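Asker: give me coordinates for this.
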Amino acid sequence: MRKQFVRIVSLVLSLALCATLMVAGASAETTVLGGAVQYDTAQPVNNGDPITVELWYWTGAANLFAEVVNQYTAIHPNVTVTLVENPWDDYWTKLPLALQGSDGPAIFNVHNSKNDILISYMAPYAVDVKQLEEDFVGVTAHEMDGNVYYTDYGLMTSTVYYNKAMWAAAGLTDADIPATWDQFREVAKKLTIRDAAGNLVQAGFSFNGGAQGDVLGEQYQYGQNLFTADNKVTFNNDAVRAVIQRMKDIYEVDKSGDYNFGNNSGDNFGQGMVAMYLGWGFMTGVIKGNYPDIDFGNFEIPTPTGEVPYAYHRYNGESTFGVNKNAPADQQAVAQDIVRFFLANDSLIKDFCLANSVFPAKKSLASDADILAVPSIAVLAEHIDRYIWPGTMPSAVEDNMKIALEDIFYNGADVTASLQTAEDTCNQELAGSNFVSVEPQYAHASEAK
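Answerer: Numbering: from 1, shown residues only. Model (predicted):
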């Protein structure tokens with residue numbers, strides 16, 4: 001998602017790691033963290049001489065970044081890391097400007113949607129790519145000319161959020177969790193409540209305010225990639241039309257929702273207006289933070305047949321840090337060292353994944369009990385290899401699909417004509433970008449239509 005909403009969780013260091021860091025700080029004994037990518041806590045940084053670097057991040061995760069700094073400087077007290085926080089919009093205005101000179105931050109938070117404005121200022125990781133691939137999934141999709149400039153620490157995607165109280169009141173049990181879209185439609189009907197006049201009181205399902213996020217993912221279930229071999233977007237195809245028709249039918253035929261019943265399905269779910277909706281992982285924190293009285297569960301997105309599809313949906317990666325190639329050499333060296341420390345540190349990556357409710361990209365954490373205790377993460381575990389990343393998708397893709405869907409749903413416009421207009425407009429905008437789809441690097445790419 002373009003903007004992350006992060007619920008800050010309580011960060012508690014394990015006793016084992018605390019003991020490790022104390023030993024490393026108190027003696028010359030070598031203590032190594034990590035798997036293929038390793039970090040030796042006994043090795044000095046900057047020859048032990050004092051040095052200060054800045055780490056920039058956007059508002060919403062101060063405790064997480066403070067924890068990185070606290071753990072790192074406990075090992076290397078000669079290093080001072082100054083944390084600089086900016087609101088999301090300000091961050092993307094100020095950061096590219098700051099990276100142009102040598103006095104910008106040595107290390108900074110990355111969002112892959114801003115790849116195009118950052119990549120020319122980034123230094124490649126001083127980490128062996130093959131070792132990264134051993135430890136993390138999805139690394140290949142981030143490789144450029146044999147280098148990696150950032151990768152994913154966690155994978156965020158869409159699951160179905162459902163209100164447990166509404167579920168029980170409708171007489172539904174765990175046995176009613178739908179595997180197919182047809183089953184989903186029947187469940188949505190049971191969860192829908194209307195008053196005596198026929199007015200909608202409780203929507204069984206809602207996609208209001210975010211329909212483009214649902215459509216731009218569900219087409220994969222039919223084996224349909226979002227981009228062509230020459231990196232053009234494809235909207236006007238059988239798969240996308242099937243997804244949109246199903247959404248129309250849920251509202252217009254089943255009467256399980258309404259285009260005018262709330263304008264944001266996530267907020268409306270939290271407000272008790274909606275029984276089910278498709279939400280990305282960050283919504284776990286939003287609901288718990290803003291709507292603590294809602295008892296919710298999650299299940300994996302249904303498929304047309306109930307069988308494992310080409311892909312269940314797309315995902316977006318939550319990114320590791322970037323290193324400023326224009327920073328002084330000694331600061332870059334410290335930044336690279338912090339990156340390696342983070343990549344090797346399961347404890348920190350686990351905290352970041354829990355805070356953002358994302359499935360860990362680090363393979364050693366894939367079966368972690370604490371992570372799998374989060375419902376929106378746990379339901380992904382069995383099929384995590386069946387979620388696809390299309391690449392650093394330009395905003396024009398979602399923007400133009402949103403326009404098309406609003407015209408279809410609210411103005412009754414023709415589906416085919418609207419999708420063709422959106423496709424043509426989007427491809428005109430993409431013609432001026434350097435976007436390259438990484439769908440061909442998907443593990444099951446050979447199964448696409």
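Asker: so for Tyr162, what's the nearest residue that isn't a sequence neighbour?
Answerer: If you skip the residues right next to it in sequence, Tyr162 has Met276 as its closest partner in space, 4.7 Å away by Cβ to Cβ, 6 or more residues apart in numbering. (C-beta placed from N, C-alpha, C; glycine too.)
Asker: return the residues in contact with the one you found.
Answerer: If you count contacts by Cβ atoms under 8 Å, 6 or more residues apart in numbering, Met276 has them with 160-163, 187-188, 191, 204-206, 269.
Asker: 10 Å - rerun?
Answerer: 160-163, 166-167, 178, 184, 187-188, 191, 203-206, 256-257, 265, 269, 296, 299 (Cβ atoms under 10 Å, 6 or more residues apart in numbering).
Asker: just Ala327 next, same as before
Answerer: Each residue near Ala327 by Cβ under 10 Å, 6+ apart is listed here: 53-54, 99, 101-107, 121, 123, 333-335.
Asker: let's verify it: helix, strand, or coil?
Answerer: coil (DSSP: H, G, I helix; E, B strand; the rest coil).
Asker: with Trp56 instead?
Answerer: Counting by three-state DSSP, the backbone at Trp56 sits in strand.
Asker: count the residues that sit near it.
Answerer: Taking other Cβ atoms under 10 Å as the criterion, the count of residues near Trp56 is 24.
Asker: got the contact list for it?
Answerer: Applying Cβ under 10 Å, 6+ apart to Trp56 gives the contacts 65, 82-86, 91, 94-95, 98-99, 104-109, 321-322, 324.
Asker: separate out the buried members of the residues you listed.
Answerer: The neighbour count (16 or more other Cβ atoms under 10 Å) marks 65, 85-86, 91, 94-95, 98-99, 104-109, 321-322, 324 as buried among the contacts of Trp56.
Asker: out of those, which are inside helices?
Answerer: Members of the buried ones among the contacts of Trp56 lying in helices (criterion: DSSP state H): 65, 91, 94-95, 98.
Asker: list just the nearest of the residues you listed to Phe352.
Answerer: Using Cβ to Cβ, Phe65 is the member of those that lies nearest Phe352, at 9.6 Å.
Asker: next one, pLDDT for that closest one please.
Answerer: On the pLDDT scale, Phe65 is placed at 97.
Asker: tell me the bridge partners for the residue nearest to it when sequence neighbours are not counted.
Answerer: Taking Cβ to Cβ, 6+ apart, and ignoring the residues beside it in sequence, Phe65 has Tyr57 as its nearest neighbour in space, at 5.1 Å. Bridge pairing for Tyr57 (DSSP bridges) gives the partners Glu85.
Asker: what count of nearby residues applies to Tyr57?
Answerer: A count of nearby residues for Tyr57, using other Cβ under 10 Å, gives 23.
Asker: just the one 3 residues further on next, same as before
Answerer: Around Gly60 there are 19 other residues, counting by other Cβ under 10 Å.
Asker: okay, the helix or strand hosting Ala396 in PDB with CA atoms only?
Answerer: Secondary-structure element containing Ala396, defined by DSSP states H and E: helix 395-411. Taking only C-alpha atoms (Å, rounded to 0.1, in the frame of the first residue of the first chain), the coordinates of helix 395-411 have been written out as PDB:
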ATOM      1  CA  SER A 395       0.500   5.000  -9.200                       C
ATOM      2  CA  ALA A 396      -1.100   5.400 -12.600                       C
ATOM      3  CA  VAL A 397      -2.200   1.800 -12.500                       C
ATOM      4  CA  GLU A 398      -4.400   2.100  -9.400                       C
ATOM      5  CA  ASP A 399      -5.500   5.600 -10.300                       C
ATOM      6  CA  ASN A 400      -6.800   4.700 -13.700                       C
ATOM      7  CA  MET A 401      -8.500   1.500 -12.500                       C
ATOM      8  CA  LYS A 402     -10.100   3.500  -9.700                       C
ATOM      9  CA  ILE A 403     -11.600   5.900 -12.200                       C
ATOM     10  CA  ALA A 404     -12.900   3.100 -14.400                       C
ATOM     11  CA  LEU A 405     -14.500   1.300 -11.400                       C
ATOM     12  CA  GLU A 406     -16.200   4.500 -10.200                       C
ATOM     13  CA  ASP A 407     -17.700   5.000 -13.600                       C
ATOM     14  CA  ILE A 408     -18.800   1.400 -13.800                       C
ATOM     15  CA  PHE A 409     -20.300   1.100 -10.300                       C
ATOM     16  CA  TYR A 410     -21.700   4.600  -9.800                       C
ATOM     17  CA  ASN A 411     -22.600   5.700 -13.300                       C
END
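Asker: elements contacting that helix?
Answerer: Secondary-structure packing of helix 395-411 (3 or more Cβ pairs under 10 Å, 6 or more residues apart in numbering; DSSP states H and E): helix 211-218, helix 238-252, helix 415-430.
Asker: most tightly packed of the ones you listed?
Answerer: helix 211-218 (a mean of 23; mean count of other Cβ atoms under 10 Å).
Asker: and the direction of that one versus that of helix 395-411, what angle?
Answerer: Orientation check (axes from the mean of the first three to the mean of the last three Cα atoms, to 10 degrees): helix 211-218 against helix 395-411 gives 110 degrees.
Asker: same question for helix 211-218, mean pLDDT?
Answerer: The predicted confidence, averaged over helix 211-218, sits at 95.
Asker: with stretch 223-240 instead?
Answerer: Computed over stretch 223-240, the average pLDDT equals 97.
Asker: over to stretch 433-447?
Answerer: Averaging pLDDT residue by residue across stretch 433-447 gives 93.
Asker: quote the end-to-end distance of that stretch.
Answerer: Terminal residues of stretch 433-447 lie 28 Å apart, using Cα to Cα, to the nearest Å.
Asker: how distant is that stretch from the center of its chain?
Answerer: 18 Å (Cα atoms, centre = their mean, to the nearest Å).
Asker: how about residues contacting that stretch?
Answerer: Applying Cβ under 10 Å, 6+ apart, the external contacts of stretch 433-447 come out as 115-116, 119, 137-138, 140-144, 220, 223, 225-233, 308-311, 314, 385-394, 396-397, 429, 448.
Asker: which ones among those residues map onto strands?
Answerer: Counting by DSSP state E, the members of these that fall within strands are 143-144, 314, 387-388.
Asker: counting neighbours, what do you get for Val253?
Answerer: The tally of other residues near Val253 (other Cβ under 10 Å) stands at 11.
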